[in-house]
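Colleague: generate a structure from the sequence data that follows.
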Amino acid sequence: MDPAKAFNRPVGILLVKVLRAMKLKKKDLLGASDPYVKLMLPENNLPSHKTSVKHKNLNPEWNEEFNIIVKDPQSQALELLVYDWEKVGKHEKMGMNVVPLKDLPKDEPKVLT
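Modeller: Reported below is the predicted structural model:
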């Protein structure tokens, strides 16, 4: 098999559970936010995953799970971006975290804050 094609083949699935966020900043005029989380592995060229929107909530709880296809755990990093949903206009970024997959233990859960 051509090594270039082998690199594009999935080697595993990363199970991510988005639990909650705490003490988010107020982004809306009425003193709240409508947060959601976008998860992606940028190098995958696959669609990102998104949690549901928690309207008017600065301490949202999602408890949502996602299966993300992994192609190269040594070089890929999971990006978690928190946005404030807007009915009209662009959604506003509230924060983000990047987790290199090589830092995660294999075959055992890891809790990240």
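Colleague: and L19, which helix or strand is it part of?
Modeller: For L19, the host element (DSSP states H and E) is strand 12-20.
Colleague: roughly how far out does that strand sit from the chain middle?
Modeller: Centroid separation for strand 12-20 versus its chain: 8 Å, with Cα atoms, centre = their mean, to the nearest Å.
Colleague: how about residues contacting the helix or strand that that strand is followed by?
Modeller: Sequence order places strand 35-40 as the next helix or strand after strand 12-20, per DSSP H and E. Here strand 35-40 makes contact (Cβ atoms under 8 Å, 6 or more residues apart in numbering) with 16, 18, 21, 24, 48-54, 57, 60, 62, 66, 68, 78-85, 94. Quick note: C-beta positions are derived from backbone N, CA and C, even for glycine.
Colleague: strand 35-40 to strand 12-20, inter-axis angle?
Modeller: Calculated by axes from the mean of the first three to the mean of the last three Cα atoms, to 10 degrees, strand 35-40 forms an angle of 170 degrees with strand 12-20.
Colleague: quick one: buried ones out of the contacts of strand 35-40?
Modeller: 16, 18, 21, 24, 49-51, 53-54, 60, 62, 66, 68, 78, 80-85, 94 (16 or more other Cβ atoms under 10 Å).
Colleague: show me where pLDDT drops low in the chain?
Modeller: 1-8 (pLDDT under 70).
Colleague: what about the closest residue to I68 other than its chain neighbours, how many neighbours?
Modeller: With Cβ to Cβ, 6 or more residues apart in numbering as the criterion, I68 has its nearest non-adjacent residue at 4.6 Å, and that residue is L14. Neighbourhood size, L14 [other Cβ atoms under 10 Å]: 17.
Colleague: tell me who's in contact with L14.
Modeller: So L14 contacts L41, N67, I68, I69, V70, L78, L101, L104 (Cβ under 8 Å, 6+ apart).
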